[in-house]
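Participant: Got a predicted structure here, sequence first:
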Amino acid sequence: MSQETAMEKRRHTRKKFEKPIHIYQITGSIANKAFFISGTPIVGRSKDLSVDGMQLQLPHNETLSKTLKLSFELERNQFLEVYSKQVWKDDHLCGLQFIIWNDGLRQHLQSYLAP
């Protein structure tokens with residue numbers, strides 16, 4: 001899916017969010033709770049953030065697994081860990097959709113993103 005097509009399908013407004021993101025590649029099935037974090041993390045940089053996902057800039061034209069665990073600092077000394085799936089990729093940029101949430105985490109992110 002192209003970046004333009006992905007942007008047309010967005011359901012939530014995105015906010016500029018440029019911070020380091022630790023990316024852990026997942027192998028196995030999250031749905032079956034039989035998954036593993038493989039290798040060492042890649043450090044990318046977010047470009048924007050919404051309740052449902054983020055745009056990420058990779059340090060190189062990395063090939064990522066479809067499912068990822070992300071760790072990042074939302075606010076000073078406040079770290080989040082979320083699981084996501086890659087929905088598009090274009091050179092060094094990719095679009096990620098968050099896939100595993102708890103209501104508290106989702107509400108916290110909504111509060112952070114509120115105007």
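Facilitator: Yes, it's here. Residues are numbered from 1 along each chain as shown.

Participant: The closest residue to Glu73 other than its chain neighbours sits in which helix or strand?
Facilitator: Once flanking residues are discounted, Glu73 sits nearest to Phe79: 5.3 Å by CB to CB, 6 or more residues apart in numbering. Backbone N, C-alpha and C define where each C-beta goes, glycine included. Assigned by DSSP states H and E, Phe79 falls within strand 78-90.

Participant: Which stretches in the protein count as helices?
Facilitator: Along the chain, counting by DSSP state H, helices occupy 3-8, 103-113.

Participant: returning to what we had before: tell me which residues of the strand holding Phe79 are tucked away?
Facilitator: 82-89 (16 or more other CB atoms under 10 Å).

Participant: Please state the mean pLDDT value computed over stretch 53-64.
Facilitator: Mean per-residue pLDDT for stretch 53-64: 90.

Participant: I would like the residues contacting that stretch, please.
Facilitator: With CB atoms under 8 Å, 6 or more residues apart in numbering as the test, stretch 53-64 has contacts from 14, 17, 21, 23, 25, 42-48, 70, 84, 86-87, 89, 91-98.

Participant: No more questions from me, cheers.
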